[in-house]
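**Student:** Build the 3D model from these lines:
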Amino acid sequence: MRKKFTIFLVVVMLFSLTACGNSIVGNNKIIADMIVDLTGTNQEIANNILIAYFSRAGENYSVGYIEKGNTEIVAEMIAEQTGGTLFQIQPVTPYPEGYEDTKVIATRENESNARPAIANKVENMESYDTIFIGYPIWYGTNPMIINSFLESYDLSGKTMIPFCTAAGSGFGSSISDIKKTCPNGVFSDGFTVSGSDAQNAQSSVRSSVISWLDKIDVTPN
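**Tutor:** Residues are numbered from 1 along each chain as shown. Model prediction:
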């Protein structure tokens, strides 16, 4: 949306300046300065965006063994469109490659409301105003490591935008669960897609991501 508005504004100003009888050289200088200013504004917006996500490769439900996690694929699409900073949430103890082995651990974490330790951290979290938070759906909600991440920072007043990959359950209860963990965040409409589509229908998913970002007005590039 901002990109379209920028282009529209520059065109309108070009015609306005021409109608006013300014010289071509003068017009070009003014338009160039406008583009620099608007581009700089877009870059500032991009610098304020963080795309934090947890994703797991290896053996996954319905897609078999994969080299790149379903949620990571969507996170990268969001970064392409917004220019935001990618941050992969990495557990201190990686989950097994095997699906059934991971289920055992995920079940235990879910039942005990665990907070798995995170191996990395976001530097200068205070500099980000908009945070996309991505995850696969495990047992109808977000993995517990997402709660670990959210509780590690003061996210008060920040715009929180969830996105997830699932087998068909959509967001499940993850939105309400995340809001409980992050009660002072300002939540925007999220995006959900099947893990199978993330792997096998990326052109379609990218189009859906672009439409969603335009709808929520987060498209500074």
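**Student:** Please count neighbours and contacts with C-alpha atoms only from this point.
**Tutor:** Fine.
**Student:** and Leu213, backbone torsions?
**Tutor:** phi -60, psi -40 (degrees, to the nearest 10).
**Student:** Next: Glu59.
**Tutor:** Main-chain dihedrals, Glu59, degrees, to the nearest 10: phi -80, psi 120.
**Student:** thought it was touching Glu97?
**Tutor:** Yes - with contact defined as C-alpha atoms under 8 Å, Glu59 reaches Glu97; the gap is 5.8 Å.
**Student:** list residues touching both of these two?
**Tutor:** Residues touching both Glu59 and Glu97 (C-alpha atoms under 8 Å, 6 or more residues apart in numbering): none.
**Student:** Would you mind telling me which of those two has the busier surroundings?
**Tutor:** Neighbours of Glu59 and Glu97, each counted by other C-alpha atoms under 10 Å, are more numerous for Glu59; the result is 19 against 15.
**Student:** Domain ranges for the protein, per the record?
**Tutor:** By the assignment in automatic domain parsing, the chain contains the domains 1-47, 49-215.
**Student:** ok, now which ones touch Cys164?
**Tutor:** Cys164 makes contacts with 71, 134-137, 170-171, 191-193, as judged by C-alpha under 8 Å, 6+ apart.
**Student:** meant to ask about Ile89
**Tutor:** Applying C-alpha under 8 Å, 6+ apart to Ile89 gives the contacts 52-55, 118-121, 149.
**Student:** biggest separation within those residues, which pair?
**Tutor:** Ser55 and Lys121 (15.7 Å; C-alpha to C-alpha).
**Student:** Verify the contact between Ser55 and Gly69 for me.
**Tutor:** Yes - applying C-alpha under 8 Å, one finds Ser55 in contact with Gly69, separated by 5.1 Å.
**Student:** in this structure, which spans are strands?
**Tutor:** For the chain, the strands defined by DSSP state E occupy 49-53, 58-60, 64-66, 85-88, 130-136, 159-166, 186-187, 191-194.
**Student:** want to throw these into CSV with distance to Met77?
**Tutor:** Compiled in CSV, the strands of the chain are given as follows (distance: least, C-alpha to C-alpha, whole Å):
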stretch, distance to Met77
strand 49-53, 10
strand 58-60, 20
strand 64-66, 18
strand 85-88, 10
strand 130-136, 12
strand 159-166, 12
strand 186-187, 20
strand 191-194, 12
